[in-house]
Structure formats: structure tokens, C-alpha cells
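> Just need the structure, nothing else, for what follows:
(chains A and B)
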Amino acid sequence: MSEQDTSRRDFFIKLGLLLNGVAALVLATPVVGYLLAPILRGEGGRYRKWIDLGELDEFPEGQTRLAKYKNPISSAWDGETDNIPCWVRRVEGNTFQVFAINCAHLGCPVRWFPQSGLFMCPCHGGVYYRDGSRASGPPPRGLFQYPYKVEKGHLMIEAGQLPTLATSASLHKRSQGCQG
Amino acid sequence: MSRLAKIGDWFGQRLRIGAALHETMTHPVPRQSASWFYVFGSAALTVFILQIFTGIMLALIYVPSAGQAWQSLQYLNHGVTLGWFLRAVHGWGSDFMIAIVLIHMVQVVMFGAYKFPRELTWIAGVFLLLLTLAMAFTGQVLRFDQDAYWGLGIGASISGRVPFIGAWVVHLLLGGPIIAGDTLSRFFALHVFVIPGLLIAFVSLHLLMVLKLGINEWPMPGRLVRRSTYIHEYEELIKKDGVPFVPDAIWKDMVFSSIVIAAVLGCAAFLGPFGPGGQPDPTIVQTVPKPDYFFRWLYALLALLPPQMETFALLVGPPVVIGFLILLPFFAGEGEKSWKRRPIAVLSIALTAVALGTLTHYASYSPWSPVMNAWSSDPVPVEYLKGRSPLERQGSAIFQEKQCRNCHSIGGSGGLRGPALDSIAVRMTHNQLVRQVVQGGGNMPAYGKNLTPAEVTALVAFLDTLHPANQLPARDAARQMLEQNGPPAAGSKR
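Down below sits the predicted model:
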């Protein structure tokens, strides 16, 4: 009798464990999906859009100027972090280079010095030439660039992502964004 | 029976923890361990409790929103009665907590306290150190200013170096593709819920093991730890020469903790809160981001590591160091406890301390960074211009205007990225200077495209004058021969 009872109890304990396991799995699936949402957000080009940086006249030929745009993926509580700066170099005519502000080393804001034609980073001493190529210091590559186009006399860029060695400045995966 | 005792009795009958409490308080400790060297763990716990308390106070006002965090910190500093003081106590408490945890760790290694049977106590301690550092980093992010914003950028850039899944890690860290509202919210959740919860769990585990295994005895040279005999020996020691924790040992813990709290409050009252610095507006690019004190060594290391080994060091270094710390009690779990007979332990600690100290010192003046405003704010010393030709003076103006000064100092001011140029003419000949300016090299950008030939001529003319008055400038051996022998005779064929 006692043997039978024990196996009965064992069975119910195992059943209880199984039911709890199923419940935990059912609960965990949406939680994991929720936690991984930042990875999926912005994938598939949902947020892909061209951002107007201003009229071409604002960027004189041969000069590099700071431009600002509103982040395409934004929320009401972003505050000032919504405004993203970038360096616009108008080489000539409709040929531009639009550089991300973030140093290719560790993301600090690079500053343009027109007199010496160099971008300098205040953090670890990275320096870049006017065309964004690495001049000296620890950066492993040149400055990150945004894909751009000229439309109806306006300079447009594709943006929305913090550029790092693994991510490009634009959210579009097959963009030219990661070219030095 | 007094009324108080009656009330105590009432609770005692229901809670039934009197005996356990008594046992905990009077658990025996070795007489020699009731020492001033054994007060750091309890002090770390005291500061942690202070941090929880002040943290809750700050959370009454702080708004964890990227749009309003900075304003709410300003309000805490200036609008709320003694808000600045609570911020200051929390900020200084954080620095004291890291410092005390590090001192505690050094003491534990020096006294061999991590050895058998306290391996797990040590491992919990390693996690407590990591969690404390995580609190410091996330706390720095909650002080949502420029440094916090760009600090997040640095964190993301380091994450972006992870092979294959770098982009995922970046997005998980930031809560999206870029630093924005979701980023601050998740760091708030980490700083206020997740990490403190883990800290409390690990502190409880750590303390429980200290109570169950007993506090480490005073190490004696020659008294070796052996797995087979240690527990018996410790019990004998406690029996022979043990004293109750309360009151024989605890008074030293209490005195030291009070001193630490007084020091935190003193620093807070006299030195005030940390920031916040400039508002977290990324379009303000005139900024020089710097991490908080206990991460300065890392800031220096990131600037000084050779670029080609940086990713490797960033990704492999931390697991190796943490793995080493966790495994330490397994390959050194027996034997000598006394620092007097463990030169490798003592030297390792000394070397680590010197390395971290040196890096932190470098970070205080960051010689690897260009001084962004040196070219426009530091004057050329008058003696470098006296009696110079117009060309040489023109060169000094170009030296300033082309931002050479941002990386090269003269007269003791300017950047330290490149060498000081006060006696450059002694080290380099005219031709070498021209080549260096035009082509760059040795970590200097090439200026050939940004200088006209006339500008190069003037600049190098100025650099040629930079030598001590009584020391000749460097000269080409060939040129010297040419000057001694005179030019080749006129009319001779070349």
C-alpha cells in the first residue's frame, strides 16, 4: 500500500513540476521577446526614412559645417537626446560627405578645425583628415558616414543609429553607411 | 517584569528568533581577529546601507526620463531643501564604497582569508566588487549630463567590438538603435532594482558564510592551511582563544564605520555634490567627456593601448581577470596565509595598485588628448619672438593658427600628444622638419594638403629657431662639409 502511495505522490509531484514548468515557459516567452525588443526595433527598414538636413545653400562648397537633425526614431520623453549633430562637407556641386559626430574609436564627439583641416577627438586623441580618413591616434578606421542624396535643392541623409564598429550610422543594412 | 520586557517577550514568543539572534551576536571569533584590520567588510556594508537610504531619498524627486532627468537634478541641487546634500552624500558614498571594497579585498588577499574553506565567500565577494562597479557606472549614467551621454556612447562603442553579435549588444545596451529615452529608463531599472537586488542577495550570502565558517584567524607564518585538518584546527583555536563577536569585536567595527560615515558626510558637506555637468544635448560638441574617478584608469588604458590590440584587450581582458579572481582560491586554496611568506601575492597587489594608480594619474591630465583650445588661448612666449625675422614670426603665427599647439607644447603650455617643441631644432634638421610637417608620420597627421609651400617655409623657419641659446641646431653632415669646403668651383661639370 505504502509503495503505491509513494508512487502516486511521486506522480503528482512530477505533474506539479511539469505544470509549473509549462507555466514558466508560457510566461518567459513574452518576457524574452519583450527584453529582446530593442534588437528587433528598427530592423526591416520600418524606420527607414530620409531626413532633410536643409537647403544646399547652407553648405558652401569646400567647407565643412555642423548640421543638426531630429532623430527619426523618437519618443516624447527623449528630450535633448533627440537632436543629433553631424558634420557636412560639401566637396563640390552635389558631391557631399556627411560624417557622424561619433569618433570611430569609442564614440566621443569629434570637432572640426577648418584652419588645419582636421577633425580632432577630445577623448583619446583620434585625429581625422578633412575627407574623414584616419590621420592618427587610436581609431581603427575613418569617420562613419551617412548615405545622402540631393532632392529639390535639399540635402537628405539616412540616419537613426549610433554608429559603432558593428552598426552603421543609418538603419538601412545594405547602405554605404559603413564605408570609411 | 518591566513593560518593555513584556513587550519583548510577546514578540519573542511569536517570532522565535531570539536564540538565533543571540547565537549570531555572540558567535566566537579568534581573539587576534578582533582587530582593526578586520573592520573593512562591515564598513562596506554600512556605506551600502547609507547608499540605499540616500538613494531612496533621491528617488523621491529624481525623474528617470531622458527629457527631464537633468532638470530634476538641477531642482535637487537648487530647489529642494538639502537636496544638494543628499546628492553629495550619495555621490561621495559611492566613491567611499568602491574604495572600502577594494581595501577589504586587498586585506582578504594579504591575510589569505580566501583559502579553504572560504572559497565561496571569496567568489561572492568578487561578484560584490563587480556589482559595486556596475552601480558606479549606472549611477554615473543616471546623473544624465554630457559625460553620461558620451559615456554611454563609449559603452556602446566597446560593445560594438564584440564579434558577430556586436550590433545586438549595442541595441540591448541602449534599448534601441541610439541613445534616447529608452536608454536612461533601462539604466534606471538596473541601478534601482536589478543591481541593488543582486547586491542584497550576494551580501546576505557573503555574511551567512562568514557566520557559518567563522571569521578568518590571524595568519601566522608557518601555520599552513590543509583541507584535511583546517576545520578541526579552527574549532580548537576558537575554543581555546575565542571571544564573542558582541561585545569584544563589534566595537571596533562600529567605531570605524562611524568614522567612515563621518568622512562621507564631511566630504559631502564641504566638497558638495558631483555635477550634473552640461545638459545632455549631443549637439553641444564643445565638450571633453571624462568618466568618474574609479573608471579613470580604464579611460587612460583605452587611450594608451596599441590600437591593434585594443579590441582583444577589451573583450578578452575582463573575462581573464574575473576568471582569475574566481579561480584564485582553487589554485591557491591551501598553504601559507601570512603575507610575510607570500611574496607573489604581495607583489601582485603592489603591481596592480601601482598600475591602476599610474593610469589614474595620467587620466588627470590626459596627455594623449589634443588640448582643443591651446591654439587660440596659449600665447607664444615673448622670448621666442624677440629678435626674430618677419618670416620666423609669420611662422609662429602659422604654428598657432594651424593648431600645432593643440598637440605640441612650447614654453610649457599646449598639448602633450606630440613632443614639446622648445628645442626641436636641436633634434631635427631643417630638411627633416619640412618632411615631418608635410608628410606627418609617427602618429602625426600630414599637413601637406593644408599648408601652402610658403606657409611650410615660414613654419619651419620658426621651428628652426627653437633651440637653447647656447646649443647649435641640428645640421646635416653633408651640408656641413659643403659649407667647410665651399661650393663646387664655378664652371665645373656636375
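
> Can I get the helix or strand of chain A with the lowest mean pLDDT in CSV? Just the C-alpha atoms.
The least trusted helix or strand in chain A, going by mean pLDDT, DSSP states H and E, turns out to be helix A:37-40, with a mean of 83. Taking C-alpha atoms only, helix A:37-40 is exported to CSV below (Å, rounded to 0.1, in the frame of the first residue of the first chain):
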residue,chain,number,x,y,z
ALA,A,37,12.6,44.1,-28.5
PRO,A,38,15.5,46.7,-28.8
ILE,A,39,17.3,44.3,-31.1
LEU,A,40,14.3,43.9,-33.4
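
> burial of B:Asp422, as a residue count?
A total of 17 residues lie near B:Asp422 under the criterion other Cβ atoms under 10 Å in any protein chain shown. Bear in mind the C-beta positions are built from the backbone N, C-alpha and C, glycine included.

> What residues are bridge-paired with the spatially closest residue to it that is not a sequence neighbour?
Nearest residue to B:Asp422 in three dimensions, chain neighbours excluded: B:Ile410, at 5.5 Å (Cβ to Cβ, 6 or more residues apart in numbering or on different chains). The partner list for B:Ile410 in beta bridges (DSSP bridges) reads B:Ser413.

> mind listing what B:Ile410 touches?
For B:Ile410, the contacting residues are B:380-381, B:384, B:399, B:420-422, B:466, by Cβ atoms under 8 Å, 6 or more residues apart in numbering or on different chains.

> tell me the average confidence for the longest helix along chain A?
In chain A, assigned by DSSP state H, the helix with the most residues is helix A:2-35. The average pLDDT within helix A:2-35 is 90.

> now the contacts of B:Ile410: which count as buried?
B:380, B:384, B:399, B:420-422, B:466 (16 or more other Cβ atoms under 10 Å in any protein chain shown).

> Any idea how many residues pack against residue 125?
No chain was given, so I picked chain A. 26.

> switch to chain B, that's the one I care about
25.

> Helix or strand: which one has it?
Assigned by DSSP states H and E, B:Gly125 falls within helix B:119-142.

> what's that helix packed up against?
Here helix B:119-142 touches helix B:83-110, helix B:146-159, helix B:181-189, helix B:195-213, helix B:307-331, going by 3 or more Cβ pairs under 8 Å, 6 or more residues apart in numbering or on different chains; DSSP states H and E.

> Give me the angle between the helix or strand that the second one is followed by and helix A:2-35.
Put plainly, it is helix B:146-159. Helices and strands here follow DSSP H and E; after helix B:146-159, the next one along the chain is helix B:166-174. Here the directions of helix B:166-174 and helix A:2-35 differ by 90 degrees (axes from the mean of the first three to the mean of the last three Cα atoms, to 10 degrees).

> Is helix B:166-174 in proximity to chain A?
Yes - using Cβ under 8 Å from any Cβ of the partner chain, helix B:166-174 reaches chain A at B:166-172, B:174.

> I would like the residues contacting that helix, please.
A:35-36, A:38-39, A:41-42, A:162, A:164-167, B:152, B:155-156, B:159-160, B:162, B:177, B:180, B:182-183.

> what residues are up against the residue nearest the centre of chain A?
Nearest to the geometric centre of chain A sits A:Gln161, at 2.0 Å (Cα atoms, centre = their mean). With contact taken as Cβ under 8 Å, 6+ apart, A:Gln161 is in contact with A:42, A:167-171, B:177-178.

> remind me which residues of chain A are low pLDDT?
A:1-5, A:41-48, A:172-180 (pLDDT under 70).

> per-domain residue ranges of it.
When chain A is parsed with automatic domain parsing, its domains come out as A:2-40, A:47-158.

> Break down chain A into its strands, ranges please.
A:50-55, A:64-70, A:83-92, A:95-100, A:111-113, A:118-120, A:127-129, A:134-136, A:148-151, A:154-158 (DSSP state E).

> For B:Ser65, which of those is the nearest?
B:Ser65 lies closest to strand A:83-92 among the strands of chain A, at 16.1 Å (Cβ to Cβ).

> what's the most buried one of the domains of chain A?
Comparing these by mean neighbour count (mean count of other Cβ atoms under 10 Å in any protein chain shown), domain A:47-158 ranks first with a mean of 19.

> Setting the sequence-adjacent residues aside, check what's closest to residue 91.
Let's take chain A. A:Gln97 is the one closest to A:Val91 (Cβ to Cβ, 6+ apart), at 6.4 Å.

> Correction: the question concerned chain B.
Closest to B:Gly91 by Cβ to Cβ, 6+ apart is B:Phe274, at 4.3 Å.

> surely the one you found meets B:Asp292?
Yes - at 7.4 Å, B:Phe274 counts as touching B:Asp292 under the criterion of Cβ atoms under 8 Å.

> ok, back up a step: quick one: which of the buried ones among the contacts of B:Ile410 sit in helices?
Counting by DSSP H, the buried ones among the contacts of B:Ile410 place B:Phe399 in helices.

> closest to chain A among the buried ones among the contacts of B:Ile410?
Closest approach between these and chain A, by Cβ to the nearest Cβ: B:Phe399, at 10.9 Å.

> correct me, but B:Arg296 touches B:Tyr365?
No - applying Cβ under 8 Å, one finds B:Arg296 not in contact with B:Tyr365, separated by 11.0 Å.

> Settle it for me: which of these two has more neighbours?
Ranked by neighbour count (other Cβ under 10 Å), B:Arg296 and B:Tyr365 place B:Arg296 first, with 19 against 10.

> Point out the one among the strands of chain A that comes closest to B:Phe324.
The nearest among the strands of chain A, by Cβ to Cβ, is strand A:134-136 at 34.3 Å.

> Can you name the residues in contact with that closest one?
Strand A:134-136 has contacts (Cβ under 8 Å, 6+ apart) with A:104, A:118, A:125-129, A:140-142, A:180, B:440, B:443-446.

> before we move on, what about stretch B:282-294?
Contacts for stretch B:282-294 (Cβ under 8 Å, 6+ apart): A:66, A:68, A:80-81, A:83-85, A:101, A:108-111, A:122-123, B:95, B:98, B:133, B:136, B:140, B:146-147, B:149-151, B:154, B:179, B:274, B:278, B:296, B:298-299, B:360, B:363, B:366, B:369, B:372.

> Could I get the buried residue list for it?
Within stretch B:282-294, judged by 16+ other Cβ under 10 Å, the buried ones are B:282-283, B:285, B:287-294.
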